[in-house]
Structure formats: C-alpha cells, structure tokens
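Enquirer: What follows is a predicted structure for the sequence shown.
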Amino acid sequence: LRSEAGEESAITPQAFIENMEFSQRVEHVVAKHAHEDPELQALAAFQKSGWMNIVDGRNPAPLGRTGNAEDIFGCVLVENKAIKEGSFQANWAHRPVTRDGLFQLPKYLH
C-alpha cells in the first residue's frame, strides 16, 4: 500500500475500508467453484459428511480445529465425502483484513 507521498505502509484493519461489491464477488466465486477445488475436495473426503468450513489462508486453523470466525469465508455441506454443489453459506463475521493481513483464498479459487 502506498500513500499519496509514495510511502509504503501495511494494510491494517483500522485503515481498511471494505468494498462491498468486491466482497460480494469474492463470495460469488467461492459459492460457484468451491465444489471444484481439489484441496477442498480432499478435506471433504476426509470429513465424510456434515458442514465444512472454508478457512482463510492467512491464518489457517490446525487440522481438526475450528478457526477464528473472522478467518472463515463460510461453509459447505459435505455429503458422501463430496462437497454438495450450491451449498455454500457465507460467514457474515469474515473480515477481509485482520491483524494477520489481507485475506487469502484457496489457491484453486484465485
């Protein structure tokens, strides 16, 4: 991030203003393509069934643990070891910027 004077600074939650249109587009991409993501598919196969969180890569939770609410994009329904297409539910508590930095989508969804 550069200021008008050309000075570099970190993106902080205090200085960040969320662009709701952009955030909605990110949610749309996750909702439309989460079931296609090979890494998420592998996690779904491991979990077998139930709701699975899609965790922000900036601060991933340890395997088997739930991450911080601000670091969860949303969740998808897993049935028979597979993500059910169209089941994505956005997490209203997700924050695009936290003290850990800018959000990071799963690699496939970039």
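Expert: Okay, I see it.
Enquirer: what does the helix or strand containing Ala44 contact?
Expert: Taking DSSP states H and E as the criterion, Ala44 maps to helix 38-47. Helix 38-47 is touched from outside by 34-35, 52, 54, 76, 78, 81-83, 106-108, with contacts defined as CB atoms under 8 Å, 6 or more residues apart in numbering. No exception for glycine: its C-beta is placed from N, CA and C like everyone else's.
Enquirer: among the residues you listed, which two are most distant?
Expert: When the contacts of helix 38-47 are compared pair by pair using CB to CB, the two farthest from each other are Lys81 and Lys107, 21.2 Å apart.
Enquirer: which SS state does Ile54 fall under?
Expert: Secondary structure, DSSP: H, G, I helix; E, B strand; the rest coil: Ile54 is strand.
Enquirer: Quick check: it touching Ala34?
Expert: Yes - here Ile54 lies in contact with Ala34, judged by CB atoms under 8 Å, at a distance of 6.1 Å.
Enquirer: what sits in contact with each of these two?
Expert: 40, 76, 88.
Enquirer: ok, now which ones touch Glu70?
Expert: By CB under 8 Å, 6+ apart, the contact set of Glu70 is 93-95, 98.
Enquirer: Kindly calculate the angle that the strand ranked longest in the chain makes with helix 38-47.
Expert: The longest strand of the chain (DSSP state E) is strand 72-79. In this structure, strand 72-79 runs at an angle of 50 degrees to helix 38-47, with axes from the mean of the first three to the mean of the last three CA atoms, to 10 degrees as the basis.
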